[in-house]
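In: One predicted model, sequence on top.
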Amino acid sequence: PVSPLHQPTGVGPHLCAADAMGSRHFPSRTVLFEKESNGVTYRVPALLYLPCVAKLLAFAEERLSADDAHANLLVLRRGSIYGSYVEWEDMRVLETATLQHHRSMNPCPLYDEFTGTLFLFFITVLGRTPEAYQIVTGQNVTRLCCITSTDQGLSWSKATDLTQQVIGGAIKDWATFALGPGHGIQLRSGRLLVPAYSYHIDCKECFGQLCKTTPHSFAFYSDDHGRGWRFGEFIPNLQTGECQLVSVDEEDGSNVLYCNARSPLGFRVQALSTDDGAVFHGGQLVQRLVEPPHGCHGSVVGFPAPFVYVPAAPRDPVVPIRGSASQMLPGMLPGFRHAHGNTLVQRDPTVTPGPAGFFQAPTWILYSHPTSSMSRVNMGVHLSTFPRDVESWTEPWVIYEGPSAYSDLAYMELPYNEAPISGGPAIAFACLYENGTRSPYEQISFSMFTLHDVLQNIPLTATGSRRDGSSPHCRKQGRRSCLVS
């Protein structure tokens, strides 16, 4: 099948939900994996973009049923990007991504741009042993495995069991663990990072029965292009589980590693690391990002802000610049004046800015997740322009209305002739997500949309007062329409 970029359903992106009488704008959707009549179900999507060859890799678990204990193999579809559409190859089973007598789960792909090596990390679990059994008993039967490819996923190595080499004796304190799921990342330094979480055994009763476990997110990392791996420290305070990572550049030139994690606490948790994932500071609840009961996996992807910062004139008072891109979203206006006297202007990608007065663009983050606090429904995307601030997240743009669950995002830059507006940055996103009509686990679908689409469809109310002239009635309706449970 072919996945187009601009064949939306619903109303046009420039209409407010109130003006459209309840209609909404949804991006086009291509079904890549679909539940079969014999009960075989595809779950836990993972998506990776390879910019060097303009390809997308869509991974999933093939299960005998939707149940975690019935996971079986990992599958892959490769997509080639041609301008503004994607042409998908047929599904293939990754036959080497197996360990004897184990089931394969939680695909986590990442790409080393320095060596051209594609890694697919995953876990294998002995037989049909459920995660819950491992948590209750402390009997860990999960293994850390990896396969690699040097031809963009056409062929793959045999699986390597890295459990002893990487985790070693620490595994006796882990009731179980898992990866991501979804994409890993590489830092500018070359460090490779795989998001993960573990149920740490906090204490046992004297007869060996497990007393208490707590889930904690962390990261596996490699500084030698995947030859050796280590794991960092857990997020120390709040309960955190499935997670993803983003390397965040900030306006003052600093960089932090950002982790966004699933939590049973009713909201997402975010945590920061200032040493590239070896240690995370304490997590914070993100009350703008709700979780359904028991939580759900979500995805985050970072991208350079499409604006450059022009400092205030010397006569203006000296003020912190952290608010220049975080207090409000400018939409796609050609420029706007910030309250501090600073200006954000849209970048012209064909012009290299001079050194005076311009900063490297900070990182913004897009996040995908079901938008209801009641159940796994209504897949939406939220935007943050200052990720370290837990209050910086917008309200969601719902991209699929109905049952939906796990997702994975990818960031792409389109050729400039595909940009939605003249001179604008050709920033686009792909989202691979579980969805259905009665259950979230009927299909795994793929959608593409631009940053322009995101900015036109999110209710811009979360990061300060709006200056786009929309009426309060329109804002209220837009907010309500995105939070339907």
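Out: That came through, no problem.

In: Run through the residues that contact the closest residue to Gly184 other than its chain neighbours.
Out: Once flanking residues are discounted, Gly184 sits nearest to Leu110: 3.3 Å by C-beta to C-beta, 6 or more residues apart in numbering. Placement of C-beta: from N, CA and C, glycine included. Going by C-beta atoms under 8 Å, 6 or more residues apart in numbering, Leu110 touches Leu48, Leu118, Phe119, Phe121, His183, Gly184, Ile185, Gln186, Leu192, Leu193, Val194.

In: What about those, which are in strands?
Out: Leu48, Leu118, Phe119, Phe121, Ile185, Gln186, Leu192, Leu193, Val194 (DSSP state E).

In: ok, so of those, who is nearest Gly302?
Out: Nearest to Gly302 among the ones in strands among the contacts of Leu110 is Ile185, at 8.4 Å by C-beta to C-beta.

In: Is there a neighbour count for that closest one? I'd like the number.
Out: Ile185 has 20 neighbours, counted by other C-beta atoms under 10 Å.

In: right, and it touches Val248 too?
Out: No: Ile185 lies out of contact with Val248 (C-beta atoms under 8 Å); the separation is 11.1 Å.

In: coming back round to it: shouldn't the residue nearest to Gly184 be within a strand?
Out: Yes: counting by DSSP: H, G, I helix; E, B strand; the rest coil, Leu110 is part of a strand.

In: Could I get the full set of helices for the stretch 51-200 of the chain?
Out: With helices called from DSSP state H, counting those that start in this stretch, the stretch 51-200 of the chain shows them at 131-137.

In: That one: strands as residue ranges?
Out: 55-63, 71-82, 85-88, 92-93, 102-112, 117-126, 142-149, 160-161, 174-179, 185-186, 192-204 (DSSP state E, counting those that start in this stretch).

In: From the contact counts, what lies against the third one?
Out: Just to be clear, that refers to strand 85-88. strand 2-4, strand 30-34, strand 71-82, strand 443-450 (3 or more C-beta pairs under 8 Å, 6 or more residues apart in numbering; DSSP states H and E).

In: now do 6 Å
Out: strand 2-4, strand 71-82 (3 or more C-beta pairs under 6 Å, 6 or more residues apart in numbering; DSSP states H and E).

In: got it, and the longest one?
Out: Judged by 3+ C-beta pairs under 6 Å, 6+ apart, the packing partners of strand 192-204 are strand 174-179, strand 210-222, strand 243-249.

In: among those strands, which is nearest Ser299?
Out: strand 243-249 (5.6 Å).

In: so what strands line up beside the closest one?
Out: strand 255-261 (antiparallel) (DSSP bridges).

In: Skip ahead from the strand it pairs with and say which helix or strand is next.
Out: Counting by DSSP states H and E, the next helix or strand C-terminal to strand 255-261 is strand 267-273.

In: quick check: angle from that following strand to strand 243-249?
Out: 50 degrees (axes from the mean of the first three to the mean of the last three C-alpha atoms, to 10 degrees).

In: What pairs with the helix or strand following strand 267-273, parallel or antiparallel?
Out: Sequence order places strand 284-290 as the next helix or strand after strand 267-273, per DSSP H and E. Sheet pairing for strand 284-290, assigned by DSSP bridges, gives strand 267-273 (antiparallel).

In: now could you export just the CA positions of the strand it pairs with as PDB?
Out: Extracted in PDB, the C-alpha atoms of strand 267-273 (Å, rounded to 0.1, in the frame of the first residue of the first chain):
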ATOM      1  CA  PHE A 267      -0.300  11.100  34.600                       C
ATOM      2  CA  ARG A 268       2.900  10.700  32.700                       C
ATOM      3  CA  VAL A 269       6.300  11.100  34.400                       C
ATOM      4  CA  GLN A 270       9.200  12.900  33.000                       C
ATOM      5  CA  ALA A 271      12.800  13.000  34.200                       C
ATOM      6  CA  LEU A 272      16.000  14.600  33.000                       C
ATOM      7  CA  SER A 273      19.600  13.500  32.800                       C
END
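
In: weakest of the helices and strands packed on strand 192-204 in terms of mean pLDDT?
Out: Ranked on mean pLDDT, the bottom entry among the helices and strands packed on strand 192-204 is strand 210-222, at a mean of 91.

In: what lines up beside it in the sheet?
Out: strand 192-204 (antiparallel), strand 230-231 (antiparallel).

In: Nearest to Ala271, out of these?
Out: Between these, strand 192-204 lies closest to Ala271; by C-beta to C-beta that is 11.5 Å.
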